[in-house]
Structures are given as C-alpha cells and as structure tokens.
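1. here is the input, now give the coordinates:
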Amino acid sequence: MSPKLDQLSALLKLALSDKITQITVALDEITIECHPDNYIAVATKLRDHAELKFEQLIDLCGLDYSDHGDGTWEGARYAVVLHLLSVSLNQRMRLRVFAQDDDFPLLPTLVEVWPVANWFEREAFDLYGLMFENHPDLRRLLTDYGFVGHPFRKDFPMIGNVEMRYDPEQQRVIYQPVSIELRNNVPRVIRDDGAHK
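-> Residues are numbered from 1 along each chain as shown. Here you go, the predicted structure:
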C-alpha cells in the first residue's frame, strides 16, 4: 500500500473508528463499510472532516450480491456503493452499505449530505428496487412508469416480462407478454445440422 493510502486509512480509522465495520484496500483504493444506522453520520463526517474533505459524490450505485462468489455469498443481498472524491486533498475512496432486509431493502437518503445523490438514488431504486427513506422524489428514472420489476436484479428474467409497442389500430402504446421465438444462434459454418451434405 502506498504511503498516501496508509495515511488515508489511518485518518479514516481515527475519524470513524466506532462507525466502520470493515476497511479494505483493493485496486489502489480504500473501501469502508458501515451499518445503515451510521450511514448518514459517516457520510457527513467524510464530507466535513478537515482531513478528509470528501466534498464530491461521484457515483452511487446499487448492487445485488445474490450470485456473488458463484452463489457462495452469505451476507445481505443488496448494497449501495458510493464513490467519493476530495478535490481539495486529491483523494478518492468508496463507502459500501448493505440493506438489512432483503425483501424490502431500505437505506436513508443522502440528498441532504450530497444533493447529487437524488438522481443516483432514483436510479438504484428503479434498477434494483432499493428504497431510500425520506427521499424527496423517489420514482422511476430510466424505465417506463408502468414497468414491472427491477431489471438489474439477478433474478429478473433476461427477456423481461412484458414488451411495449405502439398499436396503430388502437392508436396508443400497449403492453403485452413477451413473445420470443426460439432460434438457433450457432452459425451454420460451426453447427452440424446436415445442411452441408
């Protein structure tokens, strides 16, 4: 580990010692984890602490760990990962928080800490079904308003559940169950179906 990462790791342990559940270094970047109860306090401390100054939230994304490690994962299923940047101190880090309930994954919103979290949290809600308590406008962002399910969950069907199309007879957009014809995607030059005899 580089001296800069050593110093940042020591600062994080000192500033957040009782609130960090895990700290790891991978790919020259530090990742810390905390319990959801400490999520807002940790985020605020990361932003406001004089020696940390992570004033910029670069990204917030949802994760589904249900098939992680070839199905050997035994922890909570859903997590949120934040990528943070300190422009003034030229340092980066990650913060990961797991939602405690797999059936209704709920975390507090960080809109009051970093306003840009608004759209990132909406995306995590839309694609993973993660709920953010006290979010000012938690609604779908990327999928259609009538969309059923959350397409980035590992158990979401690859072909989806319904398809949307414009019906010229009804002169409106309609939804109907997905209908996909099975076909052989192996090129004829590779498969042996007797066509070349």
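2. which residue lies nearest the spatial centre of the protein?
-> With distances taken as CA atoms, centre = their mean, Gly62 lies nearest the centre of the chain, 1.3 Å away.
3. if I look at it, how far off is Leu141?
-> 12 Å (CB to CB, to the nearest Å). Backbone N, C-alpha and C define where each C-beta goes, glycine included.
4. so what sits against both of those two?
-> Glu123 (CB atoms under 8 Å, 6 or more residues apart in numbering).
5. tell me the contacts of the residue nearest to the centre of the chain?
-> Tyr78, Ala79, Val80, Glu123, Ala124, Leu127, Tyr128, Leu130, Phe152.
6. return the distance of the one helix or strand the second one maps to from the chain's centre.
-> Looking back up the chat, that one is Ala79. Using DSSP states H and E, Ala79 sits within strand 78-86. Taking CA atoms, centre = their mean, to the nearest Å, the mean C-alpha location of strand 78-86 is offset from the chain mean by 9 Å.
7. what's that strand packed up against?
-> In this structure, strand 78-86 makes packing contacts with strand 56-64, strand 91-98, judged by 3 or more CB pairs under 8 Å, 6 or more residues apart in numbering; DSSP states H and E.
8. give the partner strands of it in its sheet and their orientations.
-> strand 56-64 (antiparallel), strand 91-98 (antiparallel) (DSSP bridges).
9. most packed of the ones you listed?
-> strand 91-98 (a mean of 20; mean count of other CB atoms under 10 Å).
10. report all helices and strands that whatever helix or strand comes next after that one contacts.
-> The first helix or strand that comes after strand 91-98 along the chain, using DSSP H and E, is strand 106-108. Helices and strands touching strand 106-108, by 3+ CB pairs under 8 Å, 6+ apart, are helix 39-48, strand 131-133.
11. can you lay out those as CSV showing mean neighbour count?
-> Shown next, in CSV, are those (neighbours: other CB atoms under 10 Å):
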stretch, mean neighbour count
helix 39-48, 18
strand 131-133, 17
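12. could I get the ones you listed as JSON lines with mean pLDDT and distance to Gly69?
-> Formatted as JSON lines, the helices and strands packed on strand 106-108 follow (pLDDT from 0 to 100; distance: least, CB to CB, whole Å):
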{"stretch": "helix 39-48", "mean pLDDT": "97", "distance to Gly69": "24"}
{"stretch": "strand 131-133", "mean pLDDT": "96", "distance to Gly69": "26"}
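13. and these: which comes nearest Arg165?
-> Nearest to Arg165 among those is strand 131-133 (30.6 Å), distances taken as CB to CB.
14. any idea how far that closest one is from the chain center?
-> The answer for strand 131-133 is 13 Å, by CA atoms, centre = their mean.
15. strand partners (parallel or antiparallel) of that strand?
-> Partners of strand 131-133 in the sheet, by DSSP bridges, are strand 106-108 (parallel).
16. ok, and for the partner strand, which residues are buried?
-> Leu107, Pro108 (16 or more other CB atoms under 10 Å).
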